[in-house]
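K.L.:
structure here, sequence nowhere to be found:
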């Protein structure tokens, strides 16, 4: 994995993925105690950064393989990203989703033309289901993070951060990234290593699902005790990826861990001051920027909002924080 | 008023105002019955397009006049736009606001360093208060819409629409604009006349405050029966502007009128599918695009979301539509 692969993905994504803006608000700077810039990937197609990786993977396939189709397993955001990219490329898509995924994400995936196969989280191994279907139909598996083209696609978000921050004369500081399997984190870290070497990526995770923070401290991949049940459904992965972890261990600073209450508060503040909709898993980095300033370095902090696919009832709960 | 003035404003706004993206979602296309592109000015500084006009006016003043300061009357969005632009220019700002303006907007204006003077809507004439203060302190009045530099600033939004739509190969169709006094409408109409002459601006208003739609039909400025009390506080103006109405009468197609229920529904759909926060007055054009398709022409419709400064309780009400 190197910057050339990310630049190649950026070329393929051009005029297909959205160049999301870099937002900020004086009121948030005040809470954060420093300048806070926010990269709202909730405004990306399908409501999360996952469209970048999906498009990158689909566009890198051979026409023959694309024609047979793709398969992906995902709690929702990767599903929708792959489904929309597949439809645009004329490729059939099968998506394996946990039966407890938000109805919004299951419906959204079906609406994008994908065939959805549900499995029971904890009782069945999605990898086995995926392998069986993939072999039977000749489908290409697009993994949610342990795939070089997927990481390269997510890395295009890092290229944009470097460019947009430089336009504001920001070239150093911590860049907080919402972290599940570590694909967005690894992609942004690789992009910034090449384009903004004085910036440091810091993965952000919710309490109870801080496998990356603990793994970075231990210097080896550690798993979470639980696999489901948290507020931040988008970023609940069993452990850091085999491809992503070595990259993140090499390039990232210490991880940050936030509470569910901080996540809901961050969602409410993004509503009030940025006018964007963050889902819980998409708000962990913003929560860390706002409420864990003591653990950060520099005059400016950059935080991703990785997605905005949230049920109205959960969002209404967050609004009660105001 | 001509395109040169808008282009001059665009130069002064460059790297100060945000270039908001042009969004869309397959699910919204389906509801609208055509391709729907959305210009989310809720993502602009201070949460509404008004920052453009405020910056345009402040940056066009002489240094001497700026030093004395500016005054504006506004229910909230123009207030915040002028306050933030004034602070960035080092100019004192006095803002005259109705006492029934949303607390969020009053607080937001004060947080931007402006001196807020409250008046009672219906009982006092804000123009008189403004005149008295302006003369006493040598302040320059920045009107919310009947000011050429303000209209030119709002017109920069139209330049962006023309460019961004052309990138998507869209050069014709109706462009729906949330309309209060008509400044954004006039600015965009002037910009599109020059840059996308096959597009047609259509003002959108809430029921009971459809002064522009009725005035366009009558060919003369007609007032609203009521001046306050509606859901769409941002765009409740007594009648079309003296400067804006002749422009809009010359350039715009028939106005569109939407119900409060349609507005709340549009806010909910913007939350779900675009991940942006629209305030009621900022969602009227989107509501017209989604629910009044029969009155539109063309394969594509473009709708502005003019602002996102909405109280959490009102937003929670909108979310119940889902």
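P.N.:
Structure's in. What do you need? On a predicted model such as this, the values are computed, not experimentally measured, just so you know.

K.L.:
now the nearest residue to residue A:91 once chain neighbours are set aside: which helix or strand?
P.N.:
Of all residues beyond its chain neighbours, the one nearest residue A:91 is residue A:66 (4.5 Å), with distances taken as Cβ to Cβ, 6 or more residues apart in numbering or on different chains. (Each C-beta comes from the backbone N, C-alpha and C, glycine too.) Element membership of residue A:66, judged by DSSP states H and E, is helix A:63-68.

K.L.:
mind listing what's buried in that helix?
P.N.:
Of all the residues in helix A:63-68, those buried under the rule 16 or more other Cβ atoms under 10 Å in any protein chain shown are residue A:66.

K.L.:
now stretch A:227-239
P.N.:
Buried residues in stretch A:227-239, counting neighbours by 16+ other Cβ under 10 Å, are found at A:230, A:231, A:232, A:233, A:234, A:235, A:236, A:237, A:239.

K.L.:
check stretch A:97-115 too.
P.N.:
A:97, A:98, A:101, A:102, A:104, A:105, A:106, A:108, A:109, A:110, A:112, A:114.

K.L.:
which members of those residues are the farthest-apart pair?
P.N.:
The span of those, defined through Cβ to Cβ, is set by A:98 and A:112 at 18.0 Å.

K.L.:
endpoint to endpoint, stretch A:305-322 covers what distance?
P.N.:
19 Å (Cα to Cα, to the nearest Å).

K.L.:
so is it next to chain B?
P.N.:
Yes - counting by Cβ under 8 Å from any Cβ of the partner chain, chain B is contacted by stretch A:305-322 at A:308, A:309, A:312, A:315, A:316, A:319, A:320, A:322.

K.L.:
avg pLDDT for that stretch?
P.N.:
For stretch A:305-322, mean pLDDT rounds to 96.

K.L.:
next: stretch A:182-195.
P.N.:
98.

K.L.:
coming back round to it: out of the buried residues of stretch A:97-115, which touch chain B?
P.N.:
Applying Cβ under 8 Å from any Cβ to those, one finds that A:104, A:108, A:112 fall near chain B.

K.L.:
can I get those residues in JSON lines including distance to residue B:249?
P.N.:
Output for those, formatted as JSON lines (distance: Cβ to Cβ, whole Å):
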{"residue": "A:104", "distance to residue B:249": "44"}
{"residue": "A:108", "distance to residue B:249": "43"}
{"residue": "A:112", "distance to residue B:249": "43"}
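
K.L.:
which of those residues fall within helices?
P.N.:
In this view, those that belong to helices under DSSP state H are A:104, A:108.

K.L.:
can I get the ones next to chain B among the buried residues of stretch A:97-115 in a markdown table with pLDDT and distance to residue B:89?
P.N.:
Formatted as a markdown table, these follow (pLDDT from 0 to 100; distance: Cβ to Cβ, whole Å):
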| residue | pLDDT | distance to residue B:89 |
| --- | --- | --- |
| A:104 | 81 | 44 |
| A:108 | 87 | 44 |
| A:112 | 93 | 46 |
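
K.L.:
so which residues on chain A come close to chain B?
P.N.:
Residues of chain A lying close to chain B by Cβ under 8 Å from any Cβ are A:15, A:18-21, A:23, A:26-27, A:40, A:42-43, A:47, A:84, A:104, A:108, A:111-112, A:167, A:268, A:271-277, A:308-309, A:312, A:315-316, A:319-320, A:322.

K.L.:
in strands only, show me these.
P.N.:
Counting by DSSP state E, the part of those found in strands is residue A:40.

K.L.:
ChimeraX command to pick out the buried ones of the residues of chain A next to chain B?
P.N.:
To isolate the buried members of the residues of chain A next to chain B in ChimeraX, using 16+ other Cβ under 10 Å:
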select /A:18,19,20,21,23,26,27,40,42,43,47,84,104,108,112,268,271,272,273,274,275,276,277,308,309,312,315,316,319
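
K.L.:
isn't there a helix covering residue A:101?
P.N.:
No - under DSSP: H, G, I helix; E, B strand; the rest coil, residue A:101 sits outside any helix and is assigned coil.

K.L.:
wait, what's in contact with it?
P.N.:
When contacts are counted by Cβ atoms under 8 Å, 6 or more residues apart in numbering or on different chains, residue A:101 touches A:75, A:76, A:79, A:233.

K.L.:
which pair in those residues spans the largest distance?
P.N.:
Pairwise distances across the contacts of residue A:101 (Cβ to Cβ) peak at 12.0 Å, for the pair A:79 and A:233.

K.L.:
circling back: just give me the closest of the buried residues of stretch A:97-115 to residue A:287.
P.N.:
Nearest to residue A:287 among the buried residues of stretch A:97-115, counting by Cβ to Cβ, is residue A:102 at 19.6 Å.

K.L.:
skip the chain neighbours and tell me the closest residue to the closest one.
P.N.:
Leaving aside its chain neighbours, residue A:102 sits nearest to residue A:311 (5.5 Å; criterion: Cβ to Cβ, 6+ apart).

K.L.:
need the contact list for the closest residue to chain B within the stretch 51-200 of chain A.
P.N.:
Using Cβ to the nearest Cβ, the closest approach of the stretch 51-200 of chain A to chain B is made by residue A:111 at 6.2 Å. Residue A:111 sits next to B:26, B:27 when contact means Cβ under 8 Å, 6+ apart.

K.L.:
and the pLDDT for it?
P.N.:
At residue A:111, the pLDDT value in this model is 92.

K.L.:
need the buried residues of stretch A:227-239 in TSV (columns: pLDDT).
P.N.:
Output for the buried residues of stretch A:227-239, formatted as TSV (pLDDT from 0 to 100):
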residue	pLDDT
A:230	81
A:231	88
A:232	84
A:233	76
A:234	71
A:235	73
A:236	77
A:237	83
A:239	92
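
K.L.:
tell me which of these is nearest to chain B?
P.N.:
Nearest to chain B, judged by Cβ to the nearest Cβ, of those is residue A:234 at 13.2 Å.

K.L.:
quick one: residues contacting the closest residue to the closest one other than its chain neighbours.
P.N.:
Among residues not flanking residue A:234 along the chain, residue A:281 sits closest, at 3.1 Å (Cβ to Cβ, 6+ apart). Counting by Cβ under 8 Å, 6+ apart, residue A:281 touches A:178, A:180, A:206, A:232, A:233, A:234, A:235, A:236, A:306, A:307.

K.L.:
can I get those residues in CSV including distance to residue A:196 and secondary structure?
P.N.:
What follows is these, written out as CSV (distance: Cβ to Cβ, whole Å; DSSP: H, G, I helix; E, B strand; the rest coil):
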residue, distance to residue A:196, secondary structure
A:178, 19, strand
A:180, 23, coil
A:206, 27, strand
A:232, 27, coil
A:233, 31, helix
A:234, 26, helix
A:235, 24, helix
A:236, 29, coil
A:306, 19, coil
A:307, 23, strand
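
K.L.:
any chance of those in TSV, with distance to residue A:58 too?
P.N.:
Shown next, in TSV, are these (distance: Cβ to Cβ, whole Å):
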residue	distance to residue A:58
A:178	23
A:180	21
A:206	30
A:232	27
A:233	24
A:234	21
A:235	23
A:236	25
A:306	20
A:307	19
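
K.L.:
which single one of those is nearest to residue B:251?
P.N.:
Nearest member of these to residue B:251, counting by Cβ to Cβ, is residue A:307, at 39.8 Å.

K.L.:
and the pLDDT at the closest residue to the closest one other than its chain neighbours?
P.N.:
Leaving aside its sequence neighbours, residue A:307 sits nearest to residue A:48 (Cβ to Cβ, 6+ apart; 3.3 Å). You'll see residue A:48 listed with a pLDDT of 97.

K.L.:
surely residue A:48 touches residue A:40?
P.N.:
No - contact between residue A:48 and residue A:40 fails when scored by Cβ atoms under 8 Å: they sit 10.5 Å apart.

K.L.:
ranges for the helices of chain A?
P.N.:
Under the criterion DSSP H, chain A contains helices at A:3-13, A:26-32, A:50-60, A:63-68, A:77-88, A:103-111, A:126-137, A:148-167, A:183-195, A:211-218, A:244-251, A:260-269, A:284-291, A:312-319.

K.L.:
of these, which approaches residue B:173 most closely?
P.N.:
Residue B:173 lies closest to helix A:77-88 among these, at 22.2 Å (Cβ to Cβ).
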